[in-house]
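Participant: Predicted structure and sequence below. I'll ask about it afterward.
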Amino acid sequence: MKRIKLYWTFGRPFTLIPPMVGIFSGSLIGYGATHVHLVYYHVVLAVLAAGVLNAASNGINQICDFENDCVNKPHRPLPSGQMTWRQAWVFVAITYFLALAMVAVINWQIFAIYVVAALATLAYSVPPVRLKRNTWGSNIIISLIRGGLLKVAGWAAVATVLHSVEPWYIGSIYVVFLLGATTTKDFADIEGDRKAGCITLPVRYGATFSARAISPSFILPWLMLPLGLYLHVLSGDATAILALSVIMLAWGAYVVYLINDDPRRLVTEGENHPGWHHMYWMMMVGHLGLAVAYLIG
């Protein structure tokens with residue numbers, strides 16, 4: 001039981017929920033838009049695979065972030081000495097394999113998306129590519145994986161993504177959101193990231209400028225919802241989509257106020273800062289709110 005708990009901690013279970021919700025909502029959106037026959041176990045496999053793949057990504061990131069974590073998060077399994085390097089590598093290998101095996105039985109489109117996502121997680125963490133060291137490269141790769149591809153993969157679990165621009169447009173909304181919002185986790189890691197050569201936005205430009213730079217990401221995505229209706233790209237219920245847009249715009253404006261009121265709090269409070277929590281819940285509500293709009297449409 002102690003070993004299972006150790007692996008559970010290493011997989012960072014709290015971070016597994018958003019990608020699983022993202023895939024689930026993407027599947028519901030795809031079903032609501034196409035009304036194809038829904039194969040329930042395909043959705044279940046895709047959702048579980050998203051969580052397992054994210055656990056694999058967390059594992060490889062902690063292996064490659066050992067130097068950073070010795071400064072920023074010394075309580076984690078590797079820097080604290082609770083987990084051996086061999087255990088960490090075995091966990092990563094098994095979770096990557098399981099995630100891809102689960103989606104391989106669904107269809108080739110979602111399998112290809114998960115393969116791209118898996119390779120992108122390696123490019124983010126593993127030298128010599130290690131996009132995490134790049135100021136904007138890290139944000140771009142995260143937003144593509146956990147924003148754009150997440151929604152497209154969810155749609156692909158129930159219907160093809162090759163005959164419509166709609167799933168890709170929906171994915172782009174979350175790309176824009178995460179392009180900036182993902183930086184909220186970097187403020188508290190400045191010291192360790194600088195030491196390890198990871199030049200994140202807060203490391204390069206400081207807290208004040210970085211808070212201003214990421215502010216549009218809390219506003220622009222939700223303007224893309226009414227734009228999608230205007231362009232006849234989004235086929236969900238128009239009233240529900242507009243209502244979601246208004247709610248998220250007001251919420252986003254409040255978050256912009258929070259992170260810019262005293263940016264230094266982002267550095268000292270890290271994941272305890274209200275802005276970080278709001279970013280997390282905005283993502284969840286954005287996923288599920290759009291799914292509801294498509295199910296009633």
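Facilitator: Perfect, thanks for sending it. Numbering: from 1, shown residues only.

Participant: quick one, what contacts residue 267?
Facilitator: 187-188, 190, 202, 207 (CB atoms under 8 Å, 6 or more residues apart in numbering). For the C-beta atoms, the positions are set from N, CA and C on the backbone; glycine is no exception.

Participant: Could you find which two of those are furthest from each other?
Facilitator: 188 and 207 (10.3 Å; CB to CB).

Participant: Return the subset of the contacts of residue 267 lying in helices.
Facilitator: 190, 202, 207 (DSSP state H).

Participant: just checking, next helix/strand downstream of the lowest-mean-pLDDT helix or strand in the chain?
Facilitator: The weakest-scoring helix or strand in the chain, judged by mean pLDDT, DSSP states H and E, is helix 264-269 (a mean of 70). Downstream of helix 264-269, the first helix or strand assigned by DSSP states H and E is helix 274-295.

Participant: Output the contacting helices and strands for that following helix.
Facilitator: helix 17-34, helix 166-181, helix 220-230, helix 238-261 (3 or more CB pairs under 8 Å, 6 or more residues apart in numbering; DSSP states H and E).

Participant: try 10 Å
Facilitator: helix 17-34, helix 150-156, helix 166-181, helix 201-214, helix 220-230, helix 238-261, helix 264-269 (3 or more CB pairs under 10 Å, 6 or more residues apart in numbering; DSSP states H and E).

Participant: and it with helix 166-181, angle?
Facilitator: Interaxial angle, helix 274-295 versus helix 166-181 (axes from the mean of the first three to the mean of the last three CA atoms, to 10 degrees): 170 degrees.

Participant: Let me know the average pLDDT across helix 274-295.
Facilitator: Taken as a whole, helix 274-295 carries a mean pLDDT of 90.

Participant: Now do the nearest residue to residue 176 once chain neighbours are set aside, the pLDDT please.
Facilitator: Spatially, and ignoring its direct neighbours in sequence, residue 176 is nearest to residue 221 (4.5 Å; CB to CB, 6 or more residues apart in numbering). Residue 221 is assigned a predicted lDDT (pLDDT) of 97.

Participant: So residue 221 versus residue 70, what's the distance?
Facilitator: 35 Å (CB to CB, to the nearest Å).
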